[in-house]
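1. Pasting a predicted model and its sequence here:
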Amino acid sequence: MTSTSVSALLPPRLETALAMWLPWQRWFASKGRAVSGVTVAQQSLIADHSLEEGPVGLLLVVRVDFVDGGEREYYQVPIGIRTAVPRELEPAVIAGLNGAILYDALSDHELVAALVRRVTDDAEQEPLPDATDSASVVSRMLGGEQSNSSVVVDERLLLKVFRRLRSGINPDVELQESLTRVGSLRVPRVLGSMTGHLQGEATTYAMLQEFLPAAADGWRMALASVRDLLANGWSPAAAGGDFASESWRLGVAVAEVHAQLVEALGHRSLTREDMRRLSAEMSAQFDRALRVVPALSRTEEATRSVFAAVAELPGGGTAQRIHGDLHLGQAVRTPDRWVLIDFEGEPAAPLQQRRALQSPLRDVAGMMRSFDYAAHHQFLQPEQNIHFGSTVEIQAKEWAQRNQRAFCEGYASVEGTDPREHTVLLRALTLHKAAYETVYEAYHRPSWSVIPQRAFRDLSMGSSLW
Ligand SMILES: Nc1ncnc2c1ncn2[C@@H]1O[C@H](COP(=O)(O)OP(=O)(O)O)[C@@H](O)[C@H]1O
Ligand SMILES: O=P(O)(O)O[C@H]1O[C@H](CO)[C@@H](O[C@H]2O[C@H](CO)[C@@H](O)[C@H](O)[C@H]2O)[C@H](O)[C@H]1O
């Protein structure tokens, strides 16, 4: 079917309906900007049915324009169209238009199977087993706080559909494929990807990987450990559910992945110029955070001097490809080992920046922040009735520091140098991450903003951290 005949399948007023639906999706990046219009930029068929035969599936790429006239964004929206939807598809409905019901295709087993077939048709490796037979496929969307949409297929494949598209190959696919190629057991095996075009450039639309069914999410494991500690009031080492040995193993895993990324994609030395550029990037991120949360000005002087110190560093460490947005939720624990996922980098950053060679300490800083997040997450639960400033905060801090230390020691056991020896850079990168999180939370989860905001106090002052 040609693109023109596919466009004949688009219901009237589709773009208006999408303009009302898109901004409410978890993966919609620009939560703080008012949408002025949505335009279907590309359309192709997922499943070629007539409405009488079964669901019509369309893979749309939509362009979003904003009232502020600033940068436009592109999103991938796979939609299903039926004349009536079964009960299980009701939560996925986007709109009813002229007797046709439009819904998110990723909730529909049949359309998911068709998408998986499209990925495997593109794959250059052995065909996948019969999981792509639409009649027998069972799929479920993963819930939670996600930047993209992931669907588990037959409990053994995971189809990740990238939502905000930027022209170019997504580092998630690039890095996981490279790591798979050098035999890494620290990432799920990549089974294929779907590439389309955006603004004339080959662009990643989706990735298929092995699903790790028995994997526990690192974030949830860490929260369980903190809960144990706060419930019995002992020190983190004495409380049941101590997480430090897992943090140590996670440090080992991250250092191994860094070494494997060097093996797969090379490295160079960080230069003085890199340090100056990084320092400027840190200041610019802090400016953005200040615009969103003016109260951060209380720590402005101290923060600026932490970032200014980076510009004085001579360089000399390693610059390499890194994960780029590492936190406990990006680490899953299988019965055998820690595995890292989601190598996309910070979703808000341009692809070119995410694909640049950078200091691996950036990932270490991401983990430092994540231990701090896990320690303070309990403070957001009103039913816990615990408050910042209470003695519980001291315990939480102890938990964070114990796990930060264990992580760094595990990392050092592989790399040879403890990341904490890079005092100036690690502190600055961790503060830089807190500035990114301040902006991220303000738009996505305002009630969480207090966590990165309070981190400024410790990180910008001269106090010992971990
Ligand atoms: N291969 C996998 N096997 C098992 N669970 C996975 C796998 N990949 C991702 N997950 C789960 O899905 C969640 C979201 O995946 P992620 O790649 O981080 O998506 P996003 O880019 O949308 O944040 C993860 O936190 C993890 O719990
Ligand atoms: O996982 P994503 O690629 O979507 O990353 C974004 O969302 C994360 C939250 O889901 C966010 O991470 C922040 O919150 C985590 C707890 O939910 C915490 O462990 C991290 O340390 C903290 O940065 C991430 O920053 C964002 O890019």
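-> Nice, thanks for sending it over. Numbering: from 1, shown residues only. Ligands and ions are numbered 1, 2, ... in the order given.
2. A412 - nearest residue in space that isn't next to it in sequence?
-> In space, and not counting its chain neighbours, A412 is closest to D418: 4.0 Å by C-beta to C-beta, 6 or more residues apart in numbering. The C-beta positions use only the backbone N, C-alpha and C, and glycine is treated the same way.
3. Tell me how far the one you found lies from A406.
-> D418 sits 12 Å away from A406, going by C-beta to C-beta, to the nearest Å.
4. Looking only at neighbour counts, state which of the two leads.
-> When D418 and A406 are compared for neighbours, A406 comes out ahead with 22 against 16, by other C-beta atoms under 10 Å.
5. circling back: hang on, the residue nearest to A412 packs against G410?
-> No - using C-beta atoms under 8 Å, D418 is not in contact with G410, being 10.1 Å away.
6. Three-state assignment for the residue of the stretch 251-400 of the chain found nearest ligand 1, please.
-> Nearest residue of the stretch 251-400 of the chain to ligand 1, counting by C-beta to the nearest ligand atom: D342, 3.4 Å away. Here D342 is recorded as coil under DSSP: H, G, I helix; E, B strand; the rest coil.
7. Could you check how many residues crowd around it?
-> D342: 24 neighbours (other C-beta under 10 Å).
8. What of R454?
-> So R454, with other C-beta under 10 Å, has 17 neighbours.
9. same thing with I94?
-> For I94, the count of nearby residues is 20 (other C-beta under 10 Å).
10. Kindly report the same for P350.
-> Neighbours of P350 (other C-beta under 10 Å): 13.
11. which ones are touching the closest residue in space to it that isn't next to it in sequence?
-> Using C-beta to C-beta, 6+ apart and skipping the chain neighbours, the partner closest in space to P350 is R166 (7.0 Å). Listed by C-beta atoms under 8 Å, 6 or more residues apart in numbering, the contact set of R166 reads 74, 198, 203, 350-351.
12. mind checking how far R166 is from P78?
-> Here R166 is placed at a distance of 18 Å from P78 (C-beta to C-beta).
13. Next up, the contacts around the one residue in the stretch 1-150 of the chain that gets nearest to ligand 1.
-> Using C-beta to the nearest ligand atom, the single residue of the stretch 1-150 of the chain nearest to ligand 1 is Q146, 3.2 Å away. For Q146, the residues meeting the contact criterion (C-beta under 8 Å, 6+ apart) are 26-27.
14. cool, and A289?
-> Neighbouring residues of A289 by C-beta under 8 Å, 6+ apart: 296, 435-436, 438-439.
15. Scan the residues you listed and report the most crowded one.
-> A435 (27 neighbours).
16. That one contacts M282, correct?
-> Yes - using C-beta under 8 Å, A435 is in contact with M282, at 7.5 Å.
17. which SS state does the residue of the stretch 1-150 of the chain closest to ligand 1 fall under?
-> coil.
18. Which strands or helices does the strand ranked longest in the chain pack on?
-> If you go by DSSP state E, the chain has its longest strand at strand 35-47. Packing partners of strand 35-47 (3 or more C-beta pairs under 8 Å, 6 or more residues apart in numbering; DSSP states H and E): helix 3-7, helix 14-21, strand 56-66, helix 109-122, strand 190-198.
19. export the ones you listed to CSV and tack on distance to V93, mean pLDDT and mean neighbour count?
-> Listed next are those as CSV, based on distance: least, C-beta to C-beta, whole Å; pLDDT from 0 to 100; neighbours: other C-beta atoms under 10 Å:
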stretch, distance to V93, mean pLDDT, mean neighbour count
helix 3-7, 22, 64, 11
helix 14-21, 10, 94, 18
strand 56-66, 15, 96, 21
helix 109-122, 14, 88, 21
strand 190-198, 25, 93, 19
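20. one step back: inside strands: which ones of the contacts of R166?
-> Under the assignment DSSP E, those contribute 74, 198, 203 to strands.
21. Intersect those residues with the contacts of ligand 2.
-> Checked against ligand 2 using C-beta under 6 Å from any ligand atom, the ones in strands among the contacts of R166 give no members in range.
22. Make CSV from the residues you listed and add distance to Y103 to it.
-> Converted to CSV, the ones in strands among the contacts of R166 look like this (distance: C-beta to C-beta, whole Å):
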residue, distance to Y103
Y74, 21
L198, 24
T203, 25
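23. any weak-confidence spans in the stretch 101-250 of the chain?
-> 122-135, 145 (pLDDT under 70).
24. count of residues packed around T391?
-> Burial of T391 is recorded as 9 neighbouring residues (other C-beta under 10 Å).
25. no wait, E300
-> E300: 13 surrounding residues under other C-beta under 10 Å.
26. quick revisit: Provide a list of residues in contact with the residue of the stretch 251-400 of the chain closest to ligand 1.
-> Here D342 is in contact with 172, 323, 325, 330 (C-beta under 8 Å, 6+ apart).
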